[in-house]
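Trainee: Give me the fold of what follows.
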Amino acid sequence: MRRALVLADAAAAEGDVPVGAVVMDASGTVRGEGRNLREATHDPTAHAEVVALRRAAETLGTWHLAGCTLVVTLEPCVMCAGAVLQARVPRVVFGAWDAKAGAAGSMYDVLRDRRLPYRVEVVGGVAEREASDRLQSFFELRRDAD
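Mentor: This next block holds a predicted model:
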C-alpha cells in the first residue's frame, strides 16, 4: 500500500485524482503499477487500477492474472471491478471506501456478486486514513480554486 500511496501523490501532483495501484504476484513482487492518468491522457478509462492491470499483463505476458493481488488506494469503481473480474485477479486490497461509486462493498459489491462466474476476495480499509486524507485534501484544494 505504501507504493500505491506514493503513486497517488504523483497523480495529485499532475492534477489528477490521487489514486494509485499496484499488482503483485503471489511472491509479493510488483508486476504492474499505475496511477490515475485521466487528465494526462484524456482517457476516461485511465484509472489507476486499469493502468496497473494493463502493465501487469504486459509484464507477465498474459491477461490472466491468477495468483495476483491488486492493491489500490481507493475502492474500485464499477469499471475497475469489471476489469479485475476480466483479468481473473483473485484478491483486491484497498484503502479508502468510496460511498458514492465504490463497487467492492460500499455502493455495489460487483467483486463478490454470486451471479457472476468469478468472485474476488476483498480487503478494505488498509491504510484508510492515509488514502482518505489524500483524497479529501485534493478535493478541498479544487473547491478552493473554483
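
Trainee: Against A56, how distant is the nearest residue to K100 once chain neighbours are set aside?
Mentor: Distances taken as CB to CB, 6 or more residues apart in numbering put M107 closest to K100, at 6.7 Å, once the chain neighbours are dropped. All C-beta spots, glycine's among them, are computed from the backbone N, C-alpha and C. Counting by CB to CB, to the nearest Å, the separation of M107 from A56 is 26 Å.

Trainee: Next: V23.
Mentor: From V23 to A56 the distance is 4 Å (CB to CB).

Trainee: now V19
Mentor: To A56, V19 is 16 Å away according to CB to CB.

Trainee: Of these two, give the one with the bigger neighbour count.
Mentor: More crowded of V19 and A56, by other CB atoms under 10 Å: V19, with 34 against 26.

Trainee: and V93, that's in a helix?
Mentor: No. The assignment for V93, made by DSSP: H, G, I helix; E, B strand; the rest coil, is strand rather than a helix.

Trainee: So what's the residue count around it?
Mentor: Neighbour count of V93, defined by other CB under 10 Å: 19.

Trainee: pLDDT value on it, please?
Mentor: Predicted confidence (pLDDT) at V93: the value is 98.

Trainee: Okay, and the beta partners of it?
Mentor: Legend: beta-bridge partners of V93 under DSSP bridges are V71, V123.

Trainee: Flag every buried residue along stretch 100-113.
Mentor: Using 16 or more other CB atoms under 10 Å as the burial criterion, the residues of stretch 100-113 that qualify are 102-105, 107-108, 110-112.

Trainee: does the residue nearest to K100 sit in a helix, a strand or a coil?
Mentor: Per three-state DSSP, M107 ends up coil.

Trainee: how near is it to P76?
Mentor: Distance from M107 to P76, by CB to CB: 11 Å.

Trainee: Cool, thanks, signing off.
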